[in-house]
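> quick one: sequence plus predicted model below, questions after.
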Amino acid sequence: MNIAKQLIFCIILSITCISLVYAKKIDKQLPHIFYINIPVQTADTSWQVSAQYRLPRIETAQALPAVIILHSSSGIDSTGRFYARALNNAGIATLELDLWGARGLQGGSANRPATPQETLPDVFAALHYLLQQPNINAEKIGVIGFSWGGVLSMLTATEQYMAMTGTPFRFAGHVAHYPVCWLYNNVPGFEFANLTGAPVLIQTGELDDYDLPETCPLMVANLSEVDKETVELNTFKKAYHAWDRLEAEWLVTDPFSHLGQGGEVTLSPNKRVAKKSRRNVVKFFSNIFELYDD
């Protein structure tokens, strides 16, 4: 092959490669991203919870499923975005709440509300917001939470708390990551029973020092037979608390840790486990939203 032919061949090959890369980028375009404020009203006061609302750029005549994302005590960080991107690519809208901003809190164990229950009105308001959106399928709204947010995800899987919403609608599915399992059915206000019937996925780390390795399996084992059928538990080896917070390792002190005795907790990223847990989350919601073809 002479130099001219080699040059033409290289140009054609380059154009082909560029076209493939461009096509791949088009296939995974950024979603429509909106920053919104959602009114929250209780018997005593009102406020507005801010949120990032992401709608996949897909052509469909059908209303989209959606997932509410609830952060940990540290507040908005890389974790929510890590899952939002994957869910958006699967055709699922996301609504990530900032539970601290309207309260003037910075997050962490020393700068958060006294209990997760105080932030339940934000979750209910977010559900009402999505129910009012014409491009969202009211029957296909799920919730995922991390640590503090994981507690909220589990509480909203119960009829006890969902009865407070004033609506017959229930979440279609719940995901709770490292939700401090020793709390449930041991501490008043953290009853996890009489579930709504929606599927619940709990994912925990074997090295999570908020808990002991056996607390989550024991909690699930002690559920009623009816409730037990709706709950799935995954425990990852070599995973600490907040394995999917893909930022620098962080040692924190929290009064809820070590079975309520308090103490130091390791927040440590694990990319391998994070990717696996994210695949599980996308598969979980895709299944219950019936996004897969038969």
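Perfect, I can see it now. None of the values given here were measured: they were computed from a predicted structure.
> what segments of the stretch 151-294 of the chain are strands?
Under the criterion DSSP state E, counting those that start in this stretch, strands of the stretch 151-294 of the chain are mapped to 173-177, 200-205, 231-236, 250-254, 263-267.
> any chance of those strands in CSV, with mean neighbour count, distance to residue 67 and mean pLDDT too?
The way it works is simple: take the backbone N, C-alpha and C, and place the C-beta from them, glycine included. Converted to CSV, the strands of the stretch 151-294 of the chain look like this (neighbours: other Cβ atoms under 10 Å; distance: least, Cβ to Cβ, whole Å; pLDDT from 0 to 100):
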stretch, mean neighbour count, distance to residue 67, mean pLDDT
strand 173-177, 28, 8, 98
strand 200-205, 26, 12, 98
strand 231-236, 17, 17, 98
strand 250-254, 15, 26, 92
strand 263-267, 17, 23, 94
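> and these: which comes nearest residue 285?
strand 173-177 (6.1 Å; Cβ to Cβ).
> can you give the distance of the closest one from its chain's centre?
Relative to its chain's centre, strand 173-177 lies at 7 Å (Cα atoms, centre = their mean, to the nearest Å).
> what does stretch 202-219 give?
Its chain's C-alpha centre and that of stretch 202-219 lie 18 Å apart, by Cα atoms, centre = their mean.
> got the end-to-end distance for that stretch?
Stretch 202-219 stretches 11 Å from its first residue to its last (Cα to Cα, to the nearest Å).
> list the buried residues of that stretch.
Neighbour counts over stretch 202-219 (16 or more other Cβ atoms under 10 Å) mark 202, 203, 204, 205, 207, 208, 209, 210, 211, 215, 216, 219 as buried.
> which residues touch the closest residue in space to the last one that isn't next to it in sequence?
Same thing as residue 219. Nearest residue to residue 219 in three dimensions, chain neighbours excluded: residue 181, at 4.8 Å (Cβ to Cβ, 6 or more residues apart in numbering). Going by Cβ atoms under 8 Å, 6 or more residues apart in numbering, residue 181 touches 202, 204, 211, 215, 216, 218, 219.
> of the residues you listed, closest to residue 125?
Nearest to residue 125, judged by Cβ to Cβ, of these is residue 202 at 24.6 Å.
> kindly state the beta-bridge partners for that closest one.
residue 176, residue 233 (DSSP bridges).
> for residue 234, see how far away it is.
7 Å (Cβ to Cβ, to the nearest Å).
> just residue 281 next, same as before
For residue 281, the distance to residue 234 equals 10 Å [Cβ to Cβ].
> report the set of residues contacting both of the two.
Residues touching both residue 281 and residue 234 by Cβ under 8 Å, 6+ apart: 201, 203.
> quick one on the thing from earlier: and the residue nearest to residue 219, how far is that from residue 113?
To residue 113, residue 181 is 21 Å away according to Cβ to Cβ.
> ok, now residue 256?
Using Cβ to Cβ, residue 256 is found at 13 Å from residue 113.
> try residue 140
Relative to residue 113, and taking Cβ to Cβ, residue 140 is found at 30 Å.
> residues in contact with residue 167?
Contacts for residue 167 (Cβ under 8 Å, 6+ apart) come out as 127, 128, 131.
> so which elements touch the helix or strand harbouring the second one?
So that's residue 128. Assessed by DSSP states H and E, residue 128 sits inside helix 120-131. Helices and strands touching helix 120-131, by 3 or more Cβ pairs under 8 Å, 6 or more residues apart in numbering; DSSP states H and E, are strand 32-41, strand 46-55, strand 64-70, strand 93-98, strand 136-146, helix 148-155.
> now do that helix against strand 64-70, angle only.
With axes from the mean of the first three to the mean of the last three Cα atoms, to 10 degrees defining the directions, helix 120-131 sits at 160 degrees from strand 64-70.
> can you show me the CA trace of helix 120-131 as PDB?
C-alpha atoms of helix 120-131 as PDB (Å, rounded to 0.1, in the frame of the first residue of the first chain):
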ATOM      1  CA  LEU A 120     -40.400  12.800  56.500                       C
ATOM      2  CA  PRO A 121     -42.600  15.800  55.500                       C
ATOM      3  CA  ASP A 122     -40.000  16.700  52.800                       C
ATOM      4  CA  VAL A 123     -40.300  13.200  51.400                       C
ATOM      5  CA  PHE A 124     -44.100  13.300  51.400                       C
ATOM      6  CA  ALA A 125     -44.000  16.700  49.700                       C
ATOM      7  CA  ALA A 126     -41.700  15.400  47.000                       C
ATOM      8  CA  LEU A 127     -44.100  12.500  46.400                       C
ATOM      9  CA  HIS A 128     -47.000  14.900  46.000                       C
ATOM     10  CA  TYR A 129     -44.900  17.000  43.600                       C
ATOM     11  CA  LEU A 130     -44.200  14.000  41.400                       C
ATOM     12  CA  LEU A 131     -47.800  12.900  41.500                       C
END
